[in-house]
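Participant: Sharing a model prediction with you, sequence too.
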Amino acid sequence: MDNLYKYNKEIKYSALFAGMISSFSMSFMGSSINIALPAIGLEFSMGAVMLGWIATSYLLTTAIFQVPLGRLADIYGRKNFFIAGLLIFAFASFFTIFINSGFLFILLRVIQGVGGSMVFGTSVAIITSVFDGNERGKALGWHVSSVYTGMTAGPFLGGILTHNFGWRSIFVINTILCLIAVSFVLLKLNAQWAEAKGEKFDLFGSLIFGPAIFSVIFGLTNINKNGILFLVLGLLLIGLFIIVELKIKQPIINMQLFINNKVFAFSNLAAMIHYSSTFAVGFMMSLYLQYVKGFTPQNAGLVIMIQPVIMMIFAPIAGRLSDKKHPGKIASLGMGITALGLFLLIFLNQ
């Protein structure tokens, strides 16, 4: 029955629109909240470490739940999980408007992470299910462009919203965007796209995966205290997880891909290194520009949005180049430019 929806124009573009709205919303949230951090820290008396957990708690929760929940969506239906993720994200965004403590803020960011993991794990999968091979690349291109648009608009619009209406207005916008995406899915999409229906869920692997990721991230962020113990525990759990996944017929992560496909393995490794090294830049620059340089949120946003704008411009160019040249060389050049930019930040001073 689901195959009938692949070639229905209304279904295809409704799915694409819902995916683009949800991706824009979550990338917009991630980039705009960095601009609002000084205002949030001032209101709740939070230091730099606690402010860091506003971003870390969301990303950590997403990392823990995305793989298991994505697998469950493949078994029981991606549409239901997509809707549930959007509603959870909207619920957490809405109640963030009324909080009065930093602890509640971080707790709601954790809930947002659960919702975000359900959306991230299903939106692209739904789009690839409704578009055939001739149109899939174009559809995914539009989906990626919505992510970059959200990253670009976040610092600028987030700065304007925070400066003129307060940081809570960012969460109002995200609540509305999520509800718009939900309405499109409910009204236009009837299929579930449960392509792994009837297969077993790897519960044991999932129970190892979550604590392993948490221990590694918590250990790295608290390395000067007792973090080394968590880091060692996390690495041991990752080793156990790999052993378990290699023995299970229907694992949540197919470890054979990393063993048999070197391009896939090293591409993931390169992506992890790149995002690990660059993610903190937006966080630190927001604090530096507003605390040290005295910028308003609006002006700080104008500076920080330069990076996603450049990414938005050069991503399609790099994509076209990778069709003609060796992708590894293009990626290596990008990593080299990133390393140079990070090196120059060493000399940043007052």
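Facilitator: Cool, got the structure.
Participant: Residue ranges in the stretch 1-150 of the chain under the pLDDT threshold?
Facilitator: Counting by pLDDT under 70, the stretch 1-150 of the chain has low-confidence residues at 1-7, 133.
Participant: Helix or strand: which one has residue 190?
Facilitator: Using DSSP states H and E, residue 190 sits within no helix or strand.
Participant: measure it to residue 11 for me?
Facilitator: Relative to residue 11, residue 190 is positioned 8 Å away (C-beta to C-beta, to the nearest Å). (Each C-beta comes from the backbone N, C-alpha and C, glycine too.)
Participant: Also residue 256?
Facilitator: Following C-beta to C-beta, the distance that separates residue 256 from residue 11 is 34 Å.
Participant: Then residue 154?
Facilitator: In terms of C-beta to C-beta, residue 154 sits 30 Å off from residue 11.
Participant: Give me the more crowded residue out of those two.
Facilitator: residue 154 (26 against 17; other C-beta atoms under 10 Å).
Participant: unless I'm mixing things up, the more buried one is touching residue 35, no?
Facilitator: Yes - between residue 154 and residue 35 there is a contact at 7.5 Å, judged by C-beta atoms under 8 Å.
Participant: Wait, residue 55 touches residue 283, no?
Facilitator: Yes - counting by C-beta under 8 Å, residue 55 touches residue 283, with 6.1 Å between them.
Participant: Which neighbours do these two have in common?
Facilitator: The contact sets of residue 55 and residue 283 overlap at residue 34 (C-beta atoms under 8 Å, 6 or more residues apart in numbering).
Participant: any shared contact partners between residue 154 and residue 35?
Facilitator: residue 301.
Participant: Any buried residues in the host helix or strand of residue 154, and which?
Facilitator: Assignment of secondary structure by DSSP H and E places residue 154 within helix 133-165. By neighbour count with 16 or more other C-beta atoms under 10 Å, helix 133-165 contains the buried residues 139-140, 143-163.
Participant: what's the next secondary structure element after it?
Facilitator: Counting by DSSP H and E, what follows helix 133-165 is helix 168-188.
Participant: Taking helix 133-165 as reference, get the angle to that following helix.
Facilitator: With axes from the mean of the first three to the mean of the last three C-alpha atoms, to 10 degrees as the basis, helix 168-188 and helix 133-165 are set at 150 degrees to each other.
Participant: Which other helices and strands does the very next helix or strand once past helix 168-188 contact?
Facilitator: On the C-terminal side of helix 168-188, the nearest following helix or strand under DSSP H and E is helix 203-221. Counting contacts by 3 or more C-beta pairs under 8 Å, 6 or more residues apart in numbering; DSSP states H and E, helix 203-221 packs against helix 48-76, helix 227-247.
Participant: longest helix of this protein?
Facilitator: helix 9-44 (DSSP state H).
Participant: Please name every helix or strand in contact with that helix.
Facilitator: For helix 9-44, the packing partners by 3+ C-beta pairs under 8 Å, 6+ apart are helix 48-76, helix 78-96, helix 102-130, helix 133-165, helix 168-188, helix 262-287, helix 297-304.
Participant: one more time with 6 Å, if that's ok
Facilitator: Contact partners of helix 9-44 among helices and strands, from 3 or more C-beta pairs under 6 Å, 6 or more residues apart in numbering; DSSP states H and E: helix 102-130, helix 133-165, helix 168-188, helix 262-287, helix 297-304.
Participant: closest one to residue 46 among these?
Facilitator: helix 102-130 (4.7 Å; C-beta to C-beta).
Participant: where does the stretch 201-350 of the chain dip in pLDDT?
Facilitator: 319, 323, 350.
Participant: change it to 90
Facilitator: 201-203, 205, 214, 216-230, 247-335, 338-339, 341-342, 344-350 (pLDDT under 90).
Participant: Where does the record place the domain boundaries for the chain?
Facilitator: Listed domain ranges for the chain are 2-201+252-345, 202-251 (source: automatic domain parsing).
Participant: Out of those, which is the most enclosed?
Facilitator: Between the domains of the chain, domain 2-201+252-345 has the highest mean count of neighbours, a mean of 18, where neighbours are mean count of other C-beta atoms under 10 Å.
Participant: my guess is residue 77 meets residue 195, correct?
Facilitator: No - using C-beta atoms under 6 Å, residue 77 is not in contact with residue 195, being 9.6 Å away.
Participant: gap between residue 172 and residue 179?
Facilitator: Counting by C-beta to C-beta, the gap from residue 172 to residue 179 is 11 Å.
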